[in-house]
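S.K.: build me a model:
(4 chains)
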2 protein chains.
Amino acid sequence: MSKRSEIISISKQLIYSKGYQATAISDILTTANIGKGQFYHYFSSKHDLGLAVVEDLVQKWDQKIIIDIFHSSIEPEEKLNIMLDRTIAFHTDNKSGCPMGNLAIEMSEHDEAFRLKIKHYFDRFIKAIELCLDEMIKRGQLDSTTNSEKSAQAMVALIEGGILLAKNQQDINFLKNVIDIIREQYKLT
Amino acid sequence: MSKRSEIISISKQLIYSKGYQATAISDILTTANIGKGQFYHYFSSKHDLGLAVVEDLVQKWDQKIIIDIFHSSIEPEEKLNIMLDRTIAFHTDNKSGCPMGNLAIEMSEHDEAFRLKIKHYFDRFIKAIELCLDEMIKRGQLDSTTNSEKSAQAMVALIEGGILLAKNQQDINFLKNVIDIIREQYKLT
DNA sequence: AAAATTGTACCTAATAGTAGGTACAAAGTA
DNA sequence: TACTTTGTACCTACTATTAGGTACAATTTT
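M.R.: The predicted structure is shown next:
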């Protein structure tokens, strides 16, 4: 792993837990055990690093969720099931919430560059679920009156909201319950 | 309005839009047009102010949502409907998201005092919805197999997630769509 | 007068960012 | 082969600014 990606990786962890604004360059320098010169050799500013972190985050989640699961050749209901399983797995013993959701809330209003990168991920996530639901409707697994677009948005909202509640309550069951509701709703085993 | 509540009110707006950490005391002093002595006369620290702001926030929402709506004598399905209407109304032309949700995400992990105050609100909100759903089940308006506790959690999660998406997408329709889904699900007119 | 307010000047620690340099390997040149 | 150049990687020390917070005198209120 190059020094640059190492810095991104460490910063990603810190920003995930503390937020972008609350993460100081000095935190990163200490954790990564590097000097300032090195940092500013690879990144032109804190903002530049922040965007690199989000980009990395988006790219990795895109790979893990959209490419690996939704673009695979398994059955649509199985895709949703696996995605939900992985969501629970990720948030079990992880009290920092959703990396994307946290930044969405922190940065969307005042930083357009951050906002758009995060939006890009949510767009793709919602679209992937929507196509899944469409396929399930086509196969008669779901009521044909189901509005797949709205439903996909709602599913993402449920997940994000469930993660938010679980973080605030410090209780993963809030997320599990919400995911149970999704499974019931869309008749996933 | 006392000077203290005036400072809280102004800080609440700033913290709502920028977040707690990103709001500087100097922002507050400038906006409120007061000096430092005055600020530190009323609050012992920024953290002290922050907690006062959350307390105020919790208390006002408790009044607006739980007392005014859920503790009123109107029909349960009408309570939910009004709550959903007000949610949309609040977030129309308001790009900062959910005051409580924003702070939940920003503060829950690293500040227990903040976390507990916010948790208190979510607990009461969820409980109020749960009792509403129980009443609707009792009246035969909802399937008797409905798990009111889980459903109430899911409803709050949907709302919070919908607000998060609407904020990131800068499009209130994400919240509206999510609320449509809630209304369909619980057969609210 | 006494007590409660409030403004001004200031303190220290921390912030992002810069200046100016070193170490060293790769590439070009004699 | 030996010498020189050049570019990349990195470090330490510094700057300017801002942060939260304090001291205390001046003013208002009771």
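S.K.: going forward, measure contacts between C-alpha atoms and count neighbours the same way
M.R.: OK.
S.K.: now residue A:23: how far from DNA strand D?
M.R.: Residue A:23 sits 13 Å away from DNA strand D, going by C-alpha to the nearest atom of the strand, to the nearest Å.
S.K.: in terms of helices and strands, where is the closest residue in space to that residue that isn't next to it in sequence?
M.R.: The spatial neighbour of residue A:23 that comes closest, neighbours along the chain excluded (C-alpha to C-alpha, 6 or more residues apart in numbering or on different chains), is residue A:15 at 5.9 Å. Per DSSP states H and E: residue A:15 is located in helix A:3-18.
S.K.: tell me the buried residues in that helix?
M.R.: Across helix A:3-18, burial judged by 16 or more other C-alpha atoms under 10 Å in any protein chain shown covers A:7, A:8, A:9, A:10, A:11, A:12, A:14, A:15, A:16, A:17, A:18.
S.K.: distance of the spatially closest residue to the third one that is not a sequence neighbour relative to chain B?
M.R.: With C-alpha to C-alpha, 6+ apart as the measure, residue A:53 is the residue that lies nearest to residue A:9, at 7.6 Å, once sequence neighbours are left out. Taken as C-alpha to the nearest C-alpha, to the nearest Å, the spacing of residue A:53 relative to chain B amounts to 18 Å.
S.K.: same question for residue A:90.
M.R.: Relative to chain B, and taking C-alpha to the nearest C-alpha, residue A:90 is found at 16 Å.
S.K.: counting neighbours, what do you get for that residue?
M.R.: 13 (other C-alpha atoms under 10 Å in any protein chain shown).
S.K.: need the residues of chain A near DNA strand C, please.
M.R.: Residues of chain A lying near DNA strand C by C-alpha under 7 Å from any atom of the strand: A:21, A:23-27, A:36-37, A:40, A:44-47.
S.K.: quick check, nearest of these to chain B?
M.R.: residue A:21 (6.9 Å; C-alpha to the nearest C-alpha).
S.K.: tell me the pLDDT at residue A:3?
M.R.: We have a pLDDT of 85 for residue A:3.
S.K.: where in chain A is pLDDT low?
M.R.: A:1 (pLDDT under 70).
S.K.: pull up the residues of it that are close to chain B.
M.R.: A:17-19, A:21-22, A:95-97, A:101-102, A:104-106, A:108-110, A:115, A:118-119, A:150-151, A:153-154, A:156-162, A:164-165, A:167-169, A:174, A:177-178, A:181 (C-alpha under 8 Å from any C-alpha of the partner chain).
S.K.: which residues does residue A:161 contact?
M.R.: B:156, B:157, B:158, B:159, B:160, B:161, B:162 (C-alpha atoms under 8 Å, 6 or more residues apart in numbering or on different chains).
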